[in-house]
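> Coordinates only, no sequence provided:
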């Protein structure tokens, strides 16, 4: 970010009003910079501590050519929203919130990367980031005899768009549903009436599309009397808990790692078949740092006979390194030397693990796709997939 850019006070005030209040709290100590996963890569010098004081959006908005504007704003969209900086900041400054506010201005102006514009458009037009029809949303559940949700059922299972439409990730939703059925849990799905939770859309700054998603989902929840939502994705869980409740507070959300762990404690499911492998668990940023869920996924894995749980030294739990999939990183094609996932995979492999365990569909996608480019074949599995194998 160029230090020659003049600070625009009027734009700064607008950013504060849009949710970037922390912009005035930063005193540029720089502790956020070494915490940022981008700065773990040799090629990248991402000076996140400069954003609050030198927000160059002030001059970008005054630009003339849209193609130049979009190029200049790439750094603003680079942030993956992992909140490592927020965790380290002595004043609690949340850079990702500041940048989300900046992005809202850019999106309204039409100045953001083409890949992200396409992503937002697919969500708006089809209700999912894949651009698939709503009729296909419940295809993953074919043959599982899962009822359509109605008020007499206790739980709504919200699979997330990735397990719903991705051919590999659908195994997560299927394993989860089978576990719930084995435990005799009262649950159903909404199928074609589900709409993307739009957590990623809000991170981009496309507020109008986010509001449309909230309206669609909460109207469906109200229509069918949904009281509790079980989520596979930490991103769905977080946005439901922290943001949807501001608009509709008649339901609660719980992540599947928490719910399954409770089923195990109540002995409603018991893992009996040994899973004789060393497994390393990767803490997703959204589930860990942002929601404080660290123990439950590990307890689920420890309940499985034969499984040996490994940990990445130092960089685990609140110090876990992002997979790079947050902040719409899953949908942006970074060059090979700009992939945070590759750095994280090397950390995970160094533990000697035979399987990487995740509790987030984004992490699954990022790791599997990145390992292909690294010519590696180490299995990546959601904790629900591992658990279900041990129940069979």
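Happy to help now that I have it. Given the structure is predicted, the values throughout are model-derived calculations rather than measurements. Residues are numbered from 1 along each chain as shown.

> which residues in the stretch 1-150 of the chain form helices?
Taking DSSP state H, counting those that start in this stretch as the criterion, the stretch 1-150 of the chain contains helices spanning 9-17, 32-35, 51-54, 57-60, 66-72, 74-78, 84-88, 95-109, 114-126.

> all helices for the stretch 251-392 of the chain, in order.
Taking DSSP H, counting those that start in this stretch as the criterion, the stretch 251-392 of the chain contains helices spanning 256-265, 295-302, 340-349, 361-373, 383-391.

> What are the buried residues along the third one?
Of the residues in helix 340-349, those with enough neighbours to count as buried (16 or more other C-beta atoms under 10 Å) are 340-345, 347-349. Where you see a C-beta, it was placed from the backbone N, CA and C, and this is true even at glycine.

> which one of these is nearest residue 369?
Within the set of the buried residues of helix 340-349, residue 341 lies nearest residue 369; the separation is 7.8 Å, counting by C-beta to C-beta.

> Distance check, residue 200 against residue 188.
Taking C-beta to C-beta, to the nearest Å as the criterion, residue 200 is separated from residue 188 by 25 Å.

> more crowded one of those two?
Between residue 200 and residue 188, counted using other C-beta atoms under 10 Å, the more crowded position is residue 200 (27 against 19).

> A strand includes the more buried one, no?
No. Assignment of residue 200 by DSSP: H, G, I helix; E, B strand; the rest coil gives helix, placing it outside any strand.

> I figured it hits residue 119, correct?
Yes. Under the contact definition of C-beta atoms under 8 Å, residue 200 touches residue 119, with a separation of 7.5 Å.

> what do those two both touch?
Applying C-beta atoms under 8 Å, 6 or more residues apart in numbering, one finds that residue 200 and residue 119 are jointly contacted by 129, 328, 331.

> Where neighbours are concerned, which of those has the most?
Across the shared contacts of residue 200 and residue 119, the neighbour count under other C-beta under 10 Å reaches its highest value at residue 328, namely 23 neighbours.

> Leaving out sequence neighbours, find the closest residue to residue 274.
Counting by C-beta to C-beta, 6 or more residues apart in numbering, the nearest residue to residue 274 once its immediate chain neighbours are dropped is residue 306, at 3.2 Å.

> dump the residue contacts of the one you found.
Under the criterion of C-beta under 8 Å, 6+ apart, the contact list for residue 306 reads 274-277.

> again with residue 107
Contacts here follow C-beta under 8 Å, 6+ apart; on that basis residue 107 touches 120, 204-207.

> let's see 10 Å
When contacts are counted by C-beta atoms under 10 Å, 6 or more residues apart in numbering, residue 107 is found next to 116-117, 120, 201, 204-209.

> ditto for residue 184
With contact taken as C-beta under 10 Å, 6+ apart, residue 184 is in contact with 263, 268-269.

> filter those residues to the buried ones?
Here, 16+ other C-beta under 10 Å leaves 263, 269 buried among these.

> Just the closest of the contacts of residue 184 to residue 167, please.
Using C-beta to C-beta, the shortest approach to residue 167 within the contacts of residue 184 belongs to residue 269, at 26.7 Å.

> State the distance from that closest one to residue 207.
Separation of residue 269 from residue 207 (C-beta to C-beta) stands at 41 Å.

> Alright, I will stop here.
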